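Asks: what would the 3D arrangement of this be:
(2 chains)
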Amino acid sequence: MRFPWLLVFKNLGGRPLRTFLTLASLTVAFFLLCTLRSVLDGLEAGIKASASDRLVTQSAVSLFVSLPDSYQSKIRSVPGVDDAIRWQWFGGIYQDPSNFFAQFAVDHDRLLDVYPEIQVDEAGAEEFLRKRTACLVGARLAEQYGFRVGDRIPLQGTIFPRFDGQAWQLDVAGIYRSTSANVDERTVFFRYDYLDETRRANLCGGPQGAGVYVLALDGRSAPEAVSARVDALFRNGPQAVQTTSEAEFQRQFVSMLGGVPIFLSSIGGGVLFAILLAVLNTMLMAGRERTHDFGILKALGFKSGVVFALLLLESIGLCLLGGGTGVLVSVASEKAVGGAISLVLPTYEVSQETQLLAASAALAVGVIAGVLPGWRAMRLEVVDALRAEV
Amino acid sequence: MGAPAIAISKVTRQYARGGEVVKALDEFDLEIPEGGYYAIMGPSGSGKSTLLNLVGGLDRPDTGQVQVAGEDLNTFSSGELAEFRANTIGFVFQGFNLLPVLTALQNVELPLLLTPLGAAARRKQALHALELVGLSDRVHHRPRQLSGGQEQRVAIARALATDPQLILADEPTGDLDRESAGSVLELLERLNKEFKKTIVMVTHDPRAADSAGHVVHLDKGKLERIVDNRGEQAKQATDSPPTDAPPTDGEG
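Replies: Take a look at the predicted model:
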């Protein structure tokens, strides 16, 4: 016996408007699912990609309380620490407050050693070491604003306003690429000494010291032991510190969003459930409308299992087609969506895992929505089915 | 005529209708020989369709035995009954019962999916069946693009496609005008005479009954009488002048 595949396709096309509307609903739902999951992935990307051989030391009071510069040499002397570099959030405005991107003042001579994932060409690296006002610009940021090597980026200080009212001038030494999601390509790194010297010269306002220290480990001690040693070193002040893994440090930022990840997950679940009900309703209607046809098929000698499979396959086909289109749309619009939300989420990617998960969810919705109408059709008595109104 | 194609023995089938038990067939006996062309007549509710459903393996009797082509249908599971229908029986229904999403050719090919034939052989056989019913020029038309008579001829082609021994027709002319009904009856007669198909046809139409070899009259679930049309016609031919009047008391 051969399966009447033709009927699956013909029935899908039998009610073109209803099929189109159901497909459109599925497309929108699975586009949303992929987008929401990609946003969640983006939020978690930094955590997942965090290096295990780096720690972050911050004030035990708050991330917004700076640590003295004198801590650097002390931290470097802690057994297990290979290096410690300073990071300071700058918070400058480029032309307009809406042009938001991150800027950090860092120890320029050690940055590329501690962060091998930051890739910049040799000339850029050399220029970064040579010029006091040099900066490294992420490739995506450079693409967005058209920054090129040699350009000058004026930044209006907010945390560190210049007393002459002028903007800080940063010269683009190189465009970096990042090989890991924990460093995004929408950041500007400039030299800590440029900030520090301006500050010490009393040419600008702002707090003294470094926001955090990033510690590179030598691999000879367990990270937990190194954390404990660093924290113990400054237990009695002047500023108590808290040292955590890079992943834990990144997690703080996600937790600052409060219930947003849970909220996004709930919306995703709701969308999935709603589309399941919509497809189930469509398939139940299709099953009811075709009661007479099922009677004909059974009378001709097709077994009940074939009738069940017809509806099940139709449901699966519908969901895979609609869901697949949704996934394709989410992949095709990745750049546009990523650009639109890049201010709040530097990393946005519709991963293969997300695509596979969405396809699996589409398959599951198809199976669940097809089983009930298929089971009802399977149980139909031939005589009753033939009596059903056409 | 040969051995019985259909042997129904002491069959009772009852239904609950509005809280009342109605006997559609009551201790019913009937034998139809191979190659026979039998019309079943009787008033509404006399058990005609129930009889056809039981013979077609679409329903099961409460008691009694239904044998078709030597097989006791009571012993078959639902799946076995489906296989039996596919292999042995061709159905023609009053409302044509074609699948609206398929073309005439695809409708006729449908039961052939249940045979071991390959795609090319299925297509060839379906085209042959459509040619036989005179619809070679309508193979790619959908049911709604055909007239009632053409639809019924497609249904007959579908019933013929697998070359079944038995054709069961439920009011095949019920939805047709006089001309179309005539061509369908001619076709059924030809299938019986030329292709030796056993045909059982439920009908209210005296003209349809007239085309059959025998007319089985039912009333209240019981066999009232069987009229041998050919015998009567032979008798009329010798005893009295030929008449156009139906040889039955069918109530239409």
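Asks: now residue A:119. Nearest residue, chain neighbours left out?
Replies: Ranked by Cβ to Cβ, 6 or more residues apart in numbering or on different chains and with sequence neighbours excluded, the top spatial neighbour of residue A:119 is residue A:177, at 4.6 Å. (C-beta placed from N, C-alpha, C; glycine too.)
Asks: any idea how many residues pack against residue B:79?
Replies: Residue neighbour count, defined by other Cβ atoms under 10 Å in any protein chain shown, stands at 11 for residue B:79.
Asks: write out the residues of the stretch 1-150 of chain B neighbouring chain A.
Replies: B:53, B:56, B:58-59, B:78-79, B:82-87, B:91, B:93, B:95, B:97-102, B:106, B:110-111, B:113-114 (Cβ under 8 Å from any Cβ of the partner chain).
Asks: inside helices: which ones of the residues you listed?
Replies: Counting by DSSP state H, the part of the residues of the stretch 1-150 of chain B next to chain A found in helices is B:53, B:78-79, B:82-87, B:106.
Asks: and residue A:78, helix, strand or coil?
Replies: Of the three states, residue A:78 takes coil according to DSSP: H, G, I helix; E, B strand; the rest coil.
Asks: how much space is there between it and residue A:85?
Replies: Going from residue A:78 to residue A:85 by Cβ to Cβ, to the nearest Å gives 14 Å.
Asks: pick out whichever of the two has more residues nearby.
Replies: residue A:85 (24 against 19).
Asks: tell me what the one helix or strand residue A:377 maps to is packed against?
Replies: Using DSSP states H and E, the element containing residue A:377 is helix A:352-378. If contacts are counted by 3 or more Cβ pairs under 8 Å, 6 or more residues apart in numbering or on different chains; DSSP states H and E, helix A:352-378 sits against helix A:16-48, helix A:260-289, helix A:304-332.
Asks: same list (these) but as CSV, adding distance to residue B:160 and mean pLDDT.
Replies: Listed next are these as CSV, based on distance: least, Cβ to Cβ, whole Å; pLDDT from 0 to 100:
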stretch, distance to residue B:160, mean pLDDT
helix A:16-48, 33, 88
helix A:260-289, 29, 89
helix A:304-332, 22, 95
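Asks: tell me the most buried of those?
Replies: Comparing those by mean neighbour count (mean count of other Cβ atoms under 10 Å in any protein chain shown), helix A:304-332 ranks first with a mean of 22.
Asks: in chain A, which strand is the longest?
Replies: strand A:168-178 (DSSP state E).
Asks: give me the phi and psi for residue B:16.
Replies: Note on residue B:16: its backbone torsions stand at phi -90, psi 120 [degrees, to the nearest 10].
Asks: OK, contacts around it?
Replies: Residues in contact with residue B:16, defined by Cβ atoms under 8 Å, 6 or more residues apart in numbering or on different chains, are residue B:22.
Asks: and the pLDDT for it?
Replies: pLDDT recorded at residue B:16 is 84.
Asks: what separation is there between it and chain A?
Replies: Distance from residue B:16 to chain A, counting by Cβ to the nearest Cβ, to the nearest Å: 14 Å.
Asks: just to revisit the earlier point, can you tell me which of the residues of the stretch 1-150 of chain B next to chain A are buried?
Replies: B:53, B:56, B:58-59, B:82-87, B:91, B:93, B:95, B:97-99, B:101-102, B:106, B:110-111, B:113-114 (16 or more other Cβ atoms under 10 Å in any protein chain shown).
Asks: residue A:190: neighbour count?
Replies: Residues near residue A:190, counting by other Cβ under 10 Å: 29.
Asks: please report the distance of it from chain B.
Replies: 68 Å.
Asks: in space, what's closest to that residue - neighbours in sequence excluded?
Replies: Leaving aside its sequence neighbours, residue A:190 sits nearest to residue A:135 (Cβ to Cβ, 6+ apart; 3.9 Å).
Asks: got a list of what that neighbour touches?
Replies: Contacts of residue A:135 (Cβ under 8 Å, 6+ apart): A:103, A:128, A:153, A:170-173, A:188-191.
Asks: also residue B:182?
Replies: Applying Cβ under 8 Å, 6+ apart, the residues near residue B:182 are residue B:207.
Asks: next: the one 3 residues further on.
Replies: The neighbourhood of residue B:185, defined by Cβ under 8 Å, 6+ apart, consists of B:172-173, B:207-208, B:211.
Asks: need the contact list for the residue lying closest to residue A:66 once chain neighbours are set aside.
Replies: In this structure, residue A:66 finds its nearest non-sequential neighbour in residue A:209, 3.7 Å apart by Cβ to Cβ, 6+ apart. By Cβ under 8 Å, 6+ apart, the contact set of residue A:209 is A:66-69.
Asks: how about the closest residue to chain A within the stretch 1-150 of chain B: what's its closest non-neighbour residue?
Replies: Closest residue of the stretch 1-150 of chain B to chain A, Cβ to the nearest Cβ: residue B:86 (2.5 Å). Counting by Cβ to Cβ, 6+ apart, residue B:86 lies nearest to residue A:301, which is 2.5 Å off, once chain neighbours are set aside.
Asks: can you pull the pLDDT of that neighbour?
Replies: pLDDT, residue A:301: 92.
Asks: give me the number of residues near it?
Replies: The burial count for residue A:301: 26, using other Cβ under 10 Å.
Asks: one more: residue A:197?
Replies: 12.
Asks: partners of the residue nearest to residue A:190 in the sheet?
Replies: Taking DSSP bridges as the rule, residue A:135 bridges to residue A:172, residue A:190.
Asks: Provide a list of residues in contact with residue A:92.
Replies: Neighbours of residue A:92 in contact, by Cβ under 8 Å, 6+ apart: A:103, A:155-158, A:160, A:167-168.
Asks: quick one: which two of these are the most distant?
Replies: A:103 and A:167 (12.2 Å; Cβ to Cβ).
Asks: what do these two both touch?
Replies: Residues touching both residue A:103 and residue A:167 by Cβ under 8 Å, 6+ apart: A:92, A:155.
Asks: more neighbours: which of those two?
Replies: Neighbours around residue A:103 and residue A:167, counted as other Cβ under 10 Å, are more numerous at residue A:103. The numbers are 23 against 18.
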